[in-house]
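Student: let me see the structure of the following:
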Amino acid sequence: MNILLKAGGKVWRFFNSIRLAVFLILTLTGLCLIGALLIQVPQDVASNSVAYAQWLDNVARTKVGILTHAFAFLRLFDVFHSPLFLLTGALLVTNIVVCSLNRWKGLRRSTSKGRIKRAEEFYLEGSNQAEFSDLPVPSQRVAGLISKMLKSRRYRVHTEGLEGDVYIAAEKNAYFRLGTYLNHLSIVLLIMGFLIGSQLSFRNPSFIVPEGSVREVGYGTNLSLRLQSFVDEYWADGTPKDYRSKVVIYEAGQEVKRGVIRVNHPLSYNGIRFHQSFFGPAVVMRVRTIEGEVLFHGCVALPRRIENRPFEHPLGSFTLPSQGLTVYVVGPALDTLDPLIGGGQVGVGLYRNHSTVPIAWAKLSRGEPCELEGLEFMFLLEGEYSGFQVSRDPGIFVIWIACGLFLLGLGMVFYLPYRQVWGLVEPRPQSRSRALLRSATIRSPLAASEFQDLIDELENQFAYNKEWSDNEER
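Tutor: Alright, predicted model coming up:
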């Protein structure tokens, strides 16, 4: 049992360390800088080992060269999902919680009434103190005036009488010192929200859906989206007026929501947001066997580009799994007359899976069938596709709460600071008295000014009572 207690004490002391907090904060900051400055692998690629290997060779290697495999081993290309990032965040949360709990006893003691009676030397120390040496007013009345003035300034006043002396202890905004705990809690929630988001969030910046087609969202959401129509409108001078997509969302094949997505007006469902991001041309294709069996009938988006100067052609693809074929579709050049592929035409190239050499190529005119490799290909009509940014971040709600608590804590600490004032009133012969006042030594011009205002007002009150006493004597 003693061994466990000693071990627990060592662990507690380890986490109750400001040095550890600084080290963890610097480490976390460094990892965030790496994530911001170093190229990061897309989430859909990171979850596919084959695609990830290709990404390392074709993308990452062009950026970091021979360091590619070392960075991949350290998970620096996916730093926000790396064990090092998660461990650092968890340790920092533990460190903040332990430090906060360790300070709780002292903070709770400081918000209690505390000791009222103090030695005379205490009232003469510090930078904020005042003495009224010979007041022609009885000590009880002086103590009453001081208490009344402090209460009018929202101080909580405690008095104690002993052998004619009256001791005063006053405090204001005592419980607002707990604002530091709100700051600590906000940091914990901020880190937790970020960690939750790094594990459970996703972001797909190029979710492409052709008109009339349904595409699965993926990422374990069990959602799919159908693009019913896309409309792009322009003003008379050619500037964009409106881009909108009319969509239907399905969950497990059942319709759950309909709506229109516009730029800066996303559609949300179950924490997943769909933003209008881009759009482009698409074509409706049909592929049949010679016997008439339909192998493919749908809209094919052409989001990629083939540059063949001075022309730039849109490119898309679809697969015929039963035939082991990948079909690439090339549209006419963008924004210019194209002598290679004219209006109302598309180019079609057939590739065996994993091959880089086409086995067949042809130009198709709209509505005219063409036989390639024993299959009938037909270009039916032009269309458009819509590109969305799809994202989910369950940690964002926690982060917003953390920001609110942080601002509230700052307001409590800086705009409603803790104030303390102590006083001693001693009786003197002939119903006279002496008063000593002192405030807590706080390096703040506002605190010193507030105490000086209190002293000035007390002087005015004492002067008024002096005149009243002089009139009473006459």
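Student: okay, CA-based contacts and neighbour counts for the rest of this
Tutor: Will do.
Student: roughly how far does the closest residue to Pro281 other than its chain neighbours sit from Leu350?
Tutor: Distances taken as CA to CA, 6 or more residues apart in numbering place Glu384 nearest to Pro281, at 4.4 Å, with adjacent residues excluded. For Glu384, the distance to Leu350 equals 23 Å [CA to CA, to the nearest Å].
Student: any idea which helix or strand of the protein has the worst average confidence?
Tutor: helix 445-473 (a mean of 68; mean pLDDT, DSSP states H and E).
Student: which residues touch the residue sitting nearest the centre point of the chain?
Tutor: Centroid-nearest residue in the chain: Ile399, 4.9 Å away (criterion: CA atoms, centre = their mean). Going by CA atoms under 8 Å, 6 or more residues apart in numbering, Ile399 touches 189-190, 193-194.
Student: next, count neighbours for Ala463.
Tutor: 15 (other CA atoms under 10 Å).
Student: sec struct for the residue nearest to Pro281, please.
Tutor: Classification of Glu384 by DSSP: H, G, I helix; E, B strand; the rest coil places it in strand.
Student: tell me who's in contact with it.
Tutor: Glu384 neighbours (CA under 8 Å, 6+ apart): 210-211, 230, 279-283, 301.
Student: repeat that for 6 Å
Tutor: Going by CA atoms under 6 Å, 6 or more residues apart in numbering, Glu384 touches 211, 280-282.
Student: closest to Glu371 out of the residues you listed?
Tutor: Nearest to Glu371 among the contacts of Glu384 is Ala282, at 21.6 Å by CA to CA.
Student: touching, that closest one and Gly298? I think so.
Tutor: No: using CA atoms under 6 Å, Ala282 makes no contact with Gly298, being 10.1 Å away.
Student: between these two, which one's more packed in?
Tutor: A direct count of neighbours by other CA under 10 Å for Ala282 and Gly298 places Ala282 higher, at 25 against 17.
Student: contacting residues around the more buried one?
Tutor: Ala282 is in contact with 300-302, 383-385, counting by CA under 6 Å, 6+ apart.
Student: show me the one in those that has more neighbours than the rest.
Tutor: Of all these, the most densely surrounded is Ala301 (28 neighbours; neighbours counted as other CA under 10 Å).
Student: phi, psi for it please.
Tutor: Backbone geometry at Ala301, expressed as degrees, to the nearest 10, gives phi -70, psi 150.
Student: okay, and the beta partners of it?
Tutor: Counting by DSSP bridges, Ala301 is bridged to Ala282.
Student: and it, how far from Tyr155?
Tutor: In this view, Ala301 and Tyr155 are 71 Å apart by CA to CA.
Student: equivalent analysis for Gln323, please.
Tutor: Distance from Gln323 to Tyr155, counting by CA to CA: 85 Å.
Student: who has more neighbours, those two?
Tutor: Tyr155 (20 against 12).
Student: Ala174 is in contact with that one, correct?
Tutor: No: counting by CA under 6 Å, Tyr155 does not reach Ala174; the two are 9.4 Å apart.
Student: ok, back up a step: could you measure from the residue nearest to Pro281 over to Leu302?
Tutor: Taken as CA to CA, the span from Glu384 to Leu302 is 9 Å.
Student: for Pro240, same thing?
Tutor: In this structure, Pro240 and Leu302 are 21 Å apart, going by CA to CA.
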